[in-house]
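Asker: Test case, fold it:
(chains A and B)
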Amino acid sequence: DAGVIQSPRHEVTEMGQEVTLRCKPISGHNSLFWYRQTMMRGLELLIYFNNNVPIDDSGMPEDRFSAKMPNASFSTLKIQPSEPRDSAVYFCASSFRDPRIYGYTFGSGTRLTVV
Amino acid sequence: DAKTTQPPSMDCAEGRAANLPCNHSTISGNEYVYWYRQIHSQGPQYIIHGLKNNETNEMASLIITEDRKSSTLILPHATLRDTAVYYCIVKAGNKLVFGAGTILRVKS
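Answerer: Residues are numbered from 1 along each chain as shown, chains lettered A, B, ... in the order given. Take a look at the predicted model:
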């Protein structure tokens, strides 16, 4: 298995533009998580899905952020409009419904820079 | 989920055992202890987890005290590639919440 695949690896965009980050979880995993990492705030859980359904989005910073999981093999995190303070590394992770079995597997992340 | 306390940083000599402590004095009976690590610029990596008993896998050993209020992650023969931030997390549900972790520096 190729692991959790995120794209793009790097994204540079101008303030006000829409940004879409993509994630392909490991086949068979039924939970998916989006995290954001900055030096100031560390790793923050933004939202997670079970069986493609959003379960907890309490970590989503504001209405500019939205996440979807249209099927078991694909998820997106969208920021519209983007702001410089959104600059961070965004990680996607997937697991079985019961992560006690194998734990979470994280992707390599997308480094977002908003100028 | 219970709060965890870890030292901010530790050093270890290459080839020696690295013992990383974690306090979780408010842990409840159904909460597991998880360890992850993050090597610079990479996503976090699962290491090991346990409930009551000590656990061992190909990466590390996890020692949980009898009262479950603290645990130790042991890397038996640390290498330079083990330099990373190590996170101790206690949780029962499906949500993994990361703290600041311990920066482990393995030195030659």
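Asker: Could you grab the helix/strand/coil label for the residue most central in space within chain A?
Answerer: By Cα atoms, centre = their mean, the mean C-alpha position of chain A lies nearest to A:Trp34, the distance being 3.1 Å. Three states are possible here, and by DSSP: H, G, I helix; E, B strand; the rest coil the one that applies to A:Trp34 is strand.
Asker: Just say helix, strand or coil for B:Arg81.
Answerer: Secondary structure assignment for B:Arg81 (three-state DSSP): helix.
Asker: Just give me the neighbour total for it.
Answerer: Taking other Cβ atoms under 10 Å in any protein chain shown as the neighbour definition, B:Arg81 ends up with a count of 9. Any C-beta I mention is one placed from the backbone N, CA and C, and that applies to glycine too.
Asker: Which of the residues in the strand or helix carrying B:Leu104 are classified as buried?
Answerer: Here B:Leu104 sits within strand B:102-107, counting by DSSP states H and E. Within strand B:102-107, the residues that count as buried by 16 or more other Cβ atoms under 10 Å in any protein chain shown are B:Thr102, B:Ile103, B:Leu104, B:Val106.
Asker: Tell me the residues on chain B that lie near chain A, please.
Answerer: Taking Cβ under 8 Å from any Cβ of the partner chain as the criterion, the neighbours of chain A within chain B are B:32, B:34, B:36, B:38, B:41-46, B:49, B:94-100.
Asker: Derive a ChimeraX selection command for the buried subset of those residues.
Answerer: When burial is assessed using 16+ other Cβ under 10 Å, the buried subset of the residues of chain B next to chain A is captured in ChimeraX by this command:
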select /B:32,34,36,38,43,44,45,46,49,94,95,96,97,98,99
